[in-house]
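>>> Pasted the sequence and its predicted model underneath.
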Amino acid sequence: MQLLENYALKSFNSFGIAVSAKYYCNISSNEALQEVLAWNKKQHHQILVLGGGSNILFTKNFEGLVLHNTLKGIELVRESEHYYYVRAMAGESWHEFVQYCVKQNYAGVENLILIPGNIGATPMQNIGAYGVEIKDVFYELEAVDIEAQSLVVFKKGDCNFGYRDSIFKQTLKNKFIITSVTYELPKLPKYNTSYGAIEMELEKQGVKELSIAAIAKAVIAIRQRKLPDPQQIGNAGSFFKNPVIPTEKYLQLKKPYPTLPGYADGASTKLPAGWLIEQCGWKGYRKEDAGCYALQALVLVNYGKATGEEIYNLSEKIIQTVQHKFEIVLEREVNIY
Ligand SMILES: Cc1cc2nc3c(=O)[nH]c(=O)nc-3n(C[C@H](O)[C@H](O)[C@H](O)COP(=O)(O)OP(=O)(O)OC[C@H]3O[C@@H](n4cnc5c(N)ncnc54)[C@H](O)[C@@H]3O)c2cc1C
């Protein structure tokens, strides 16, 4: 175990915020994890598990212990008549994992290609895009209980998955370190092209026959057009969740705002937070280096030297103006530290 003190985290968070960790430890083996947890039992530092840092906003230096999960390995653990069961270690890149699945012709994750970050955060966030969420392919995960230092297996029913949500963001927040995730990937693909612009993109690319690889390619093209590359402009993807409101309230809002989009699901309707933010005039806003992305109002950006506090304050102002105009309180998707 190698503990580093006052360690710079700028290159480990996609917002590119210049903060440091009081203690930092790279976790590349289960032994290293056990060792550092045993050390911390006497130290009692607050622990932050860091993956790819693509869904985190640091508003100040982290005064505890950052465990940077870099556990590696991907393995086909078993096959049934209808599924492949593939286990990936938490420190593997999600995008590379999807590329691996596409290459092997394992279905189910192609719509989720190019989402930044690592395997370990995928169930925690229940990541999703283009009509697919992790919960759709999740089988089980292994996690280390920080207090007891024991390995626990969580099945799907244990995870309390919701929209960008799971038990690891609720009652078990900061209590477990996810070390591996096993995905259940169908042998017979059930393509999902109905969401977003996938069909249009497939047509544009002249795709005649659907395949896992063709969908992945289309999703990459759409995402590259729409979202800022964190290597160029610091960001963490969608900063806010799309609010879900009673359909009755949505229909009332449609009267003064007839163009308000909404995706009804029975008694509730999901609204695009980006639309609400845009209506409040924030799209393309910039104050010094903190801004709201010009092509997608849902994404807050760091043009270079913004502090986490500046980004956070901007998000606060956005929440207030949206609440004032629409009486809807936006919730942050990004984890604030
Ligand atoms: C350009 C861009 C586009 C994006 N698009 C999407 C999208 O389409 N859909 C979507 O859902 N998300 C999207 N995101 C958000 C982000 O990619 C995901 O939330 C991703 O899963 C975060 O993974 P990470 O490893 O970077 O997590 P981190 O940012 O490192 O951590 C996020 C949270 O998970 C916790 N955590 C991380 N690893 C572990 C672990 N092993 N055990 C326990 N807790 C852990 C952390 O403590 C933290 O609270 C996007 C982000 C960017 C920058």
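The structure has been received and is ready for your questions. Keep in mind that this is a model prediction, so the values were computed, not measured.

>>> Does L253 belong to a helix, a strand or coil?
helix (DSSP: H, G, I helix; E, B strand; the rest coil).

>>> That one: neighbouring residues, count only.
Residues near L253, counting by other C-beta atoms under 10 Å, number 19. From N, CA and C alone the C-beta is placed, and that goes for glycine too.

>>> mind checking how far it is from the ligand?
As judged by C-beta to the nearest ligand atom, to the nearest Å, L253 and the ligand stand 26 Å apart.

>>> pretty sure that residue is in contact with L260, am I right?
Yes. When contacts are counted by C-beta atoms under 8 Å, L253 is listed as touching L260 (5.6 Å).

>>> What helices and strands are in contact with the top strand by length along the chain?
Secondary structure of the chain read by DSSP state E shows that its longest strand is strand 176-186. The contact analysis (3 or more C-beta pairs under 8 Å, 6 or more residues apart in numbering; DSSP states H and E) places strand 176-186 against helix 30-43, strand 47-50, strand 62-69, strand 83-89, helix 121-125, strand 138-145.

>>> Deepest in the core, which of those is it.
Burial of those is given as mean neighbour count (mean count of other C-beta atoms under 10 Å); helix 121-125 ranks first at a mean of 26.

>>> chain center to that one, what's the gap?
Centroid separation for helix 121-125 versus its chain: 7 Å, with C-alpha atoms, centre = their mean, to the nearest Å.

>>> Identify the residues contacting it?
51-52, 55, 94, 117, 127, 134-135, 138, 141, 154, 159, 161, 164-166, 168-169, 178, 181 (C-beta atoms under 8 Å, 6 or more residues apart in numbering).

>>> Also near the ligand: which of these, exactly?
When contact is defined as C-beta under 6 Å from any ligand atom, those meet the ligand at G51, G52, N55, G117, I127, R164, I178.

>>> I'd like to know how many residues surround the third one.
Close neighbours of N55, defined as other C-beta under 10 Å, add up to 24.

>>> Contact partners for it?
Applying C-beta under 8 Å, 6+ apart, we find N55 in contact with G117, A121, Q125, A236, G237, E333, V334, N335.

>>> Which residues of the stretch 51-200 of the chain lie near the ligand?
51-56, 69, 90, 115-118, 120-122, 124-125, 127-129, 164, 177-178.

>>> again, 8 Å this time
Neighbours of the ligand within the stretch 51-200 of the chain, by C-beta under 8 Å from any ligand atom: 51-56, 69, 90-91, 94, 112, 114-122, 124-129, 133, 143, 164, 168-169, 173-174, 176-179.

>>> who does the least confident helix or strand in the chain by mean pLDDT pair up with?
Least confident helix or strand, the chain: strand 263-265 with a mean of 88, by mean pLDDT, DSSP states H and E. Strand 263-265 has its sheet partners listed here by DSSP bridges as strand 268-270 (antiparallel).

>>> which outside residues touch the partner strand?
Counting by C-beta under 8 Å, 6+ apart, residues outside strand 268-270 touching it are N242, P243, V244, I245, P246, T247, Y250, G262, Y263.

>>> That strand close to the ligand?
No. Strand 268-270 does not reach the ligand (C-beta under 8 Å from any ligand atom); its nearest approach is 14.5 Å.
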